[in-house]
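1. From the sequence below, what's the structure:
(one chain, ligands or ions: 3)
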Amino acid sequence: MKITLDTTPFEALETEALVTYLFEDGDASQGRIGELDKLTGGLLAKLIRGGEATGKALETTLVHAPAGLKAARLLLIGAGKREQFNTVTLRKAAGVALRYLKSRSVHNFVFAVREGGATEENAQAITEGAIAADFETDKYKTEKKNNKHIENLAIGGYSDDQKAAGEKGIARGRIIADAQNFARDLVNEPGNRMTPTILADRARKMSEETGLTCEIYGPDKLKELKMGAFWSVAQGSDEEPRLIVMRYEPSGAPTKPVLGLVGKGITFDSGGISIKPSDGMEKMKYDMAGGAAMVGAMRAIAQLKPNVRVIGIVCASENMPSGKAQKPGDVQIAMSGKSIEIINTDAEGRLVLADGLHYAKQLGCTHLIDAATLTGACVVALGMVNAGVFANDDEFYDRFNRSLRKSGEKMWRLPVDEEYREMIKSTIADIMNTGGRWGGAVTAAMFLKEFVGDTPWLHLDIAGVAWMEDNKPWIAKGPSGVAVRSIVEFVRELGKSN
Ligand code: BES
Ligand code: MN
Ligand code: ZN
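-> Ligands and ions are numbered 1, 2, ... in the order given. All right, here's what the predicted structure looks like:
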């Protein structure tokens, strides 16, 4: 899909569809809507008065051959209350427009911002919304939806002197949304086509294309590094594990901070000897969504070139039952030296991350973010709306929270108070890999906290939001690519403060 900035006045626009958005204020005289109303001889006032266009969030109103315009269609997207309108709403509105028009075999359209909206960040949000909306999961369907694709999106409503800012926004939005879709594509692959080896190959290829340094290690290196926790998960599978390290080290950046991005890359989670019930087990192909998010984020970082060092680490493994698999009751020694009693082999994500996080610190990371489809308990707590975010440092959390507001990704903070540590104490080892019946998302985070020490750290439990169970008007069901945009926004800010 080509995305450009178009400064042509509305009345002269020749396009298959002219799209803009309508607020809930019932006012047809304001700004752009007023302009369009005049051009069309009162069409918008009529639609609003008649109750056909209310401005209710994500509502769509389509008019064919609107009088006074050269555009073949006029599409209005509801944008909710004007006071609450922001880039989050705008991103969704652009997504709704794209999916609505694409499904009706439209191939090009103009999405025009409202009065006062011709900014760099709005162009970025529209671009992100459109590119994310364009992603489909029909890769393995032999019959594709023919003729249903958008060729050109033009962003309108910008004047000539606003054009440069708009184009900057488009360029950045494209990089970020392409990275999100890149991650979604990895997550969408089934377990037989996304083994640890294949994931590593994809990360290597991406690194070569974007100029990142990439190192990939197998079983020998895991053993040499004494990654006993990571290896305990990998040992049961015939597929070899991979430790993926991607480095972005711009020469001009200060030596500190170094941000470590550590992702859980379980390419299939059967549960191991503590095997999962077969109902729904197929979903566990997306247990590498945290790892995919880190590969995607590193891709965008390499292209946006912020002035800060970042190291991406993915711990990729299958979790399988076999004669070589670890058993409940086994004791494993993590790379940090901590001993772990395995209570449930299905609590494998925290094991691979324990060594991933420790290794990140050894590589010199001063700040850590991990992302993982870690616990069903987080889904119980927050449903499929918010990811869980855990932090051992309030300032670090506050900074990340500002990036969440930009990205529009929803994450809710959960605690890591010391009182919870009791729950993972083991009688035979330092800690156990489960914490009992209550607070399962928190005890999993407490387990990880054992391996980060005093390093400022954020843990993102994305189990409930990495895979969307339903189609939404602005995005297809399936992998969401969550965390990519927030992490990239966070790294951009970090680069600015250097
Ligand atoms: N990958 C799962 C968590 C998960 C659940 C991801 C639902 C996505 C959707 C994780 O490895 C797991 O199995 N966790 C266990 C931990 C338990 C054994 C302590 C869980 O949540 O049940
Ligand atoms: Mn598991
Ligand atoms: Zn898992």
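2. and the most centrally placed residue in the chain, what is it in contact with?
-> Taking CA atoms, centre = their mean, the centroid of the chain lies closest to V482, which sits 2.2 Å from it. Residues in contact with V482 (CB atoms under 8 Å, 6 or more residues apart in numbering) are 289, 293, 387, 409, 462, 465-466. Heads up, the C-betas are built off the backbone N, CA and C, glycines and all.
3. ok, so of those residues, who is nearest ligand 3?
-> Closest to ligand 3 out of those is A289 (10.1 Å), distances taken as CB to the ion.
4. Name the nearest residue to the closest one, sequence neighbours excluded.
-> Spatially, and ignoring its direct neighbours in sequence, A289 is nearest to A466 (3.6 Å; CB to CB, 6 or more residues apart in numbering).
5. Beta-bridge partners for the nearest residue in space to N188 that is not next to it in sequence, please?
-> Nearest non-adjacent residue to N188, counting by CB to CB, 6+ apart: P479, 5.0 Å away. P479 has the following beta-bridge partners by DSSP bridges: W467.
6. Pretty sure P479 sits against R184.
-> Yes: counting by CB atoms under 8 Å, P479 touches R184, with 4.2 Å between them.
7. Now do the shared contacts for these two.
-> A292.
8. can you pull the buried residues of the helix or strand hosting A165?
-> Using DSSP states H and E, A165 falls within helix 163-188. Of all the residues in helix 163-188, those buried under the rule 16 or more other CB atoms under 10 Å are 165-167, 169-188.
9. The residue nearest to N188: what's it in contact with?
-> Taking CB under 8 Å, 6+ apart as the criterion, P479 is in contact with 137, 183-185, 187-188, 286, 289, 292, 466-468.
10. 6 Å instead?
-> 184, 187-188, 467 (CB atoms under 6 Å, 6 or more residues apart in numbering).
11. Which per-residue confidence value corresponds to it?
-> You'll see P479 listed with a pLDDT of 98.
12. Export only the CA atoms of the host helix or strand of S317, formatted as PDB.
-> Here S317, judged by DSSP H and E, is contained in strand 309-319. Provided in PDB are the C-alpha atoms of strand 309-319 (Å, rounded to 0.1, in the frame of the first residue of the first chain):
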ATOM      1  CA  ARG A 309      21.900   1.500  22.900                       C
ATOM      2  CA  VAL A 310      19.500  -1.400  22.800                       C
ATOM      3  CA  ILE A 311      20.100  -5.200  23.000                       C
ATOM      4  CA  GLY A 312      17.300  -7.500  22.100                       C
ATOM      5  CA  ILE A 313      17.300 -11.100  23.500                       C
ATOM      6  CA  VAL A 314      14.900 -13.900  22.600                       C
ATOM      7  CA  CYS A 315      14.900 -17.200  24.400                       C
ATOM      8  CA  ALA A 316      13.500 -19.500  21.900                       C
ATOM      9  CA  SER A 317      12.500 -23.100  22.700                       C
ATOM     10  CA  GLU A 318       9.700 -25.600  22.500                       C
ATOM     11  CA  ASN A 319       8.200 -27.000  25.700                       C
END
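13. Give me the three-state assignment for V262.
-> The three-state assignment at V262 reads strand, by DSSP: H, G, I helix; E, B strand; the rest coil.
14. so the closest residue to V245 other than its chain neighbours is in which element?
-> With CB to CB, 6+ apart as the criterion, V245 has its nearest non-adjacent residue at 4.5 Å, and that residue is E215. Assigned by DSSP H and E, E215 belongs to strand 213-217.
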